[in-house]
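J.: Test case, fold it:
(one chain, ligands or ions: 2)
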Amino acid sequence: MEGLKFLLAFVLLALASSFVSASDPSPLQDFCVAINETDGVFVNGKFCKDPKHVTEKDFFYSGLNIPGDTSNIPVGSNVTAANVEQIPGLNTLGISFARIDYAPYGGLNPPHTHPRATEILVVLKGTLYVGFVTSNTENRLISKVLNPGDVFVFPIGLIHFQFNVGKTNAVAFAGLSSQNPGVITIADAVFGSDPPINPDVLTKAFQVDKKVVDYLQKQFWSDNN
Ligand SMILES: *[C@@H]1O[C@H](CO)[C@@H](O)[C@H](O)[C@H]1NC(C)=O
Ligand SMILES: *[C@@H]1O[C@H](CO)[C@@H](O)[C@H](O)[C@H]1NC(C)=O
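T.: Ligands and ions are numbered 1, 2, ... in the order given. Below you'll find the model as predicted:
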């Protein structure tokens, strides 16, 4: 019995520590306000500014009231990020924020993943059809139409999207569980990589005619950040 309890405690501890290492590292001091790397030395994250030189500006960002302009972006959405690049005080704190603007009917935040963050999105204006797809065991689409005040979660690493199905423009804000969530836009990464992936790879992977892959690789791929 004692042995079983010990084993259970050990398994729980092992699980807990694997959860901890799956997110941004925890801070070991009050804060570690980011400064840029110097002399080609890199750390996992950013160097800390001397706390004596830290001010309120390091924890501040202004301008998320300004709509992102979607008119020059082919997918019709514009992401304004507030992560460690904009707010150096976020370094080591495991959190960031974004505003997303969507053009009237059809504005799309195209299928993408955040390799380092879960996202929680709240709609302020408009109507969004959103969803994510579970991993290969099921590839199940979990989707919903959201209206102002609605909140939806996109679990870390899973492919997700938001599509404006309303007549007006739409606005959403999102919290992300990393100082630097990263974005992999699926179409851009697969068909717009530099240099391009050998088309034989994509022809086989997508089980289509090589012409389709050639066509897709010739498109102009851009993201919305
Ligand atoms: C770090 O360097 C980048 C590019 O050189 C610059 O845009 C950014 O403002 C710098 N950040 C800080 C905190 O000095
Ligand atoms: C996104 O919107 C901002 C604010 O209007 C604008 O400065 C920026 O150029 C837009 N991004 C693109 C890629 O058009």
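J.: From residue 167, how far off is residue 174?
T.: 23 Å (Cβ to Cβ, to the nearest Å). Backbone N, C-alpha and C define where each C-beta goes, glycine included.
J.: When the two are compared, which one has more neighbours?
T.: Between residue 174 and residue 167, residue 174 has the larger neighbour count (other Cβ atoms under 10 Å), namely 23 against 9.
J.: Following element in sequence after the lowest-mean-pLDDT helix or strand in the chain, please.
T.: Across the helices and strands of the chain, mean confidence by mean pLDDT, DSSP states H and E is lowest for helix 2-21: a mean of 50. Next helix or strand after helix 2-21 toward the C-terminus (DSSP states H and E): strand 34-35.
J.: So which other helices or strands are in contact with that following strand?
T.: Counting contacts by 3 or more Cβ pairs under 8 Å, 6 or more residues apart in numbering; DSSP states H and E, strand 34-35 is packed against strand 47-48.
J.: Minimum distance to ligand 1, which residue of this protein gives it?
T.: residue 36 (3.8 Å; Cβ to the nearest ligand atom).
J.: From ligand 2, how far off is the residue most central in space within the chain?
T.: Taking Cα atoms, centre = their mean as the criterion, residue 114 is the residue nearest the geometric centre of the chain, at 3.5 Å. As judged by Cβ to the nearest ligand atom, to the nearest Å, residue 114 and ligand 2 stand 19 Å apart.
J.: Now do the strands in the chain.
T.: Remark: strands assigned in the chain by DSSP state E are 34-35, 47-48, 77-82, 96-102, 108-113, 119-125, 128-133, 141-146, 151-154, 159-164, 170-176, 184-185.
J.: Please identify the deepest-packed of those strands.
T.: Among those, the stretch with the highest mean neighbour count (mean count of other Cβ atoms under 10 Å) is strand 96-102, at a mean of 23.
J.: circling back: got a list of what the residue nearest to the centre of the chain touches?
T.: Counting by Cβ atoms under 8 Å, 6 or more residues apart in numbering, residue 114 makes contact with 154, 156-157, 176, 178, 181-184.
J.: gap between it and residue 78?
T.: Counting by Cβ to Cβ - residue 114 and residue 78 are separated by 17 Å.
J.: swap in residue 178?
T.: Distance from residue 178 to residue 78, by Cβ to Cβ: 21 Å.
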